[in-house]
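Participant: Quick one: sequence plus predicted model below, questions after.
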Amino acid sequence: MEKLPAIKCIQNDKVFYLTSMNASLLKDICYLLRREEELEIGFQRNLNKARANDIKDYLVKEKGSIPAALILSAKGEACIEYSDGFISFKKCPKTFMVLDGQHRLFGLTLALEDEKKDFEIPVIIYVNLPVKEEVSLFIDINTTQKGVSPSLLLDIKNLAGRETPIEEKQSYLFDRLNENGILANKLSPIKQRTGFISKTAFFEATNKLLTTGLFSTKDKESVLKGLRVYLEAVNTVLIESKSKNAKITNTNIFKAIMSIFNDVIDISLLTQGNISKDSLITVLKPISKLPYDEYILSSNKATLTRIISEMTNEIKGYTNNYKKYSDEDLFGC
């Protein structure tokens with residue numbers, strides 16, 4: 001028998017126990033019912049081994065901690081008893097079914113096997129649940145628990161000192177652009193909002209210009225200046241389109257115009273000799289004729305791919321209008 005300190009909890013007549021166990025113990029007593037293996041009674045998804053490895057690395061290499069509890073269902077063979085603040089049970093194979101936390105469990109097991117390092121983890125134990133209630137609990141856990149928005153996680157990363165150099169620069173650009181200019185008060189740092197660019201979308205859209213092209217080696221002030229001029233030029237061209245859907249604050253349009261940023265900058269330098277607002281407008285002008293009212297302007301990926309492709313074709317088509325140089329002009333003779 002195994003005996004551990006535990007707390008008994010009752011919620012809406014449902015009883016469960018809170019305790020903690022080591023990975024070495026959990027490895028010997030837990031099992032899963034996978035849907036593909038047990039069609040009649042199985043309900044767990046297949047294991048994502050990469051995710052389990054990530055959890056192992058987080059614990060072992062990054063010295064992290066995982067406070068979230070495994071949720072187990074104890075079978076009759078466990079002979080669960082609770083008395084005076086202690087829970088006791090038989091330490092037998094397959095007496096505790098994992099209802100939630102299989103990747104955490106396998107991550108712990110990998111750490112135990114590969115690194116010879118044991119970890120303690122919180123555990124919640126339900127006792128003698130019928131299969132119907134186990135499945136209902138599994139559904140409730142995986143549908144009613146809402147995750148934190150990606151934008152909020154990005155917004156608080158700097159508080160933990162976990163921003164990468166690129167993310168630090170993106171946060172600076174996001175905050176400054178939201179203060180004044182074309183995108184002032186149109187960037188949403190914490191959640192998705194209609195008519196606003198979320199922080200997640202902004203980071204995705206600006207990653208390319210910060211890692212490739214002219215501005216990848218510039219300081220954040222230079223990037224900010226370049227972005228302000230570019231966005232003003234884009235906004236002018238979109239207004240000229242006369243389309244009610246041609247708005248820079250639409251997520252797909254914003255991602256698309258940022259996707260062609262490097263191409264527009266290169267073409268403007270090549271054909272205009274600079275990247276002033278007027279020069280950028282000249283290069284961007286062809287995209288004003290795109291059929292924005294025909295696009296499904298949601299976050300639909302197929303639509304985004306189409307907009308990027310059509311914008312790219314238009315601005316590259318502009319290069320066919322290069323000033324024609326005679327040999328005398330070209331070679332100075």
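Facilitator: Perfect, thanks for sending it. Bear in mind the structure is a predicted one, so any value in this text is a computation, not a measurement. Numbers count the residues shown, from 1 in each chain.
Participant: Off-centre distance for the top helix by length along the chain?
Facilitator: In the chain, with assignment by DSSP state H, the single longest helix is helix 220-240. Put simply, helix 220-240 sits 26 Å off its chain's centre (Cα atoms, centre = their mean, to the nearest Å).
Participant: Tell me which residues of that helix come out buried.
Facilitator: Residues of helix 220-240 classed as buried: 220, 223-224, 226-238 (neighbour count, 16 or more other Cβ atoms under 10 Å). Glycine gets a C-beta too; all of them are placed from N, C-alpha and C.
Participant: Please, where are all the helices along this protein?
Facilitator: Taking DSSP H as the test, the helices found in the chain are 23-29, 49-60, 102-114, 131-144, 150-156, 165-179, 199-211, 220-240, 251-259, 261-271, 277-284, 301-317, 327-331.
Participant: For residue 190, which of those is the nearest?
Facilitator: Closest approach to residue 190 among the helices of the chain (Cβ to Cβ): helix 150-156, 4.9 Å.
Participant: Could you dump the helices of the chain into a markdown table and include distance to residue 70 and mean pLDDT?
Facilitator: Shown next, in a markdown table, are these (distance: least, Cβ to Cβ, whole Å; pLDDT from 0 to 100):
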| stretch | distance to residue 70 | mean pLDDT |
| --- | --- | --- |
| helix 23-29 | 7 | 89 |
| helix 49-60 | 12 | 86 |
| helix 102-114 | 6 | 85 |
| helix 131-144 | 11 | 73 |
| helix 150-156 | 23 | 66 |
| helix 165-179 | 32 | 93 |
| helix 199-211 | 30 | 93 |
| helix 220-240 | 44 | 95 |
| helix 251-259 | 37 | 94 |
| helix 261-271 | 46 | 92 |
| helix 277-284 | 54 | 94 |
| helix 301-317 | 35 | 89 |
| helix 327-331 | 73 | 46 |
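Participant: So which of those is the most surrounded?
Facilitator: Per residue and on average, the most neighbours among the helices of the chain fall to helix 251-259, with a mean of 23 (mean count of other Cβ atoms under 10 Å).
Participant: For residue 184, grab phi and psi.
Facilitator: Torsion angles at residue 184 (phi, psi; degrees, to the nearest 10) stand at phi -60, psi 130.
Participant: residues near it, how many?
Facilitator: Using other Cβ atoms under 10 Å, residue 184 has 11 neighbouring residues.
Participant: Give me the distance between it and residue 175.
Facilitator: When distance is defined by Cβ to Cβ, to the nearest Å, residue 184 is 11 Å away from residue 175.
Participant: and if you look at residue 169?
Facilitator: In this view, residue 169 and residue 175 are 11 Å apart by Cβ to Cβ.
Participant: again with residue 223
Facilitator: For residue 223, the distance to residue 175 - Cβ to Cβ - is 13 Å.
Participant: Kindly report the same for residue 76.
Facilitator: Look at residue 76 and residue 175: by Cβ to Cβ, they are 58 Å apart.
Participant: again with residue 22
Facilitator: The gap separating residue 22 from residue 175 is 45 Å, by Cβ to Cβ.
Participant: what is in contact with residue 169 and residue 175 at once?
Facilitator: Jointly contacting residue 169 and residue 175 under the rule Cβ atoms under 8 Å, 6 or more residues apart in numbering is no residue at all.
Participant: No more questions from me, cheers.
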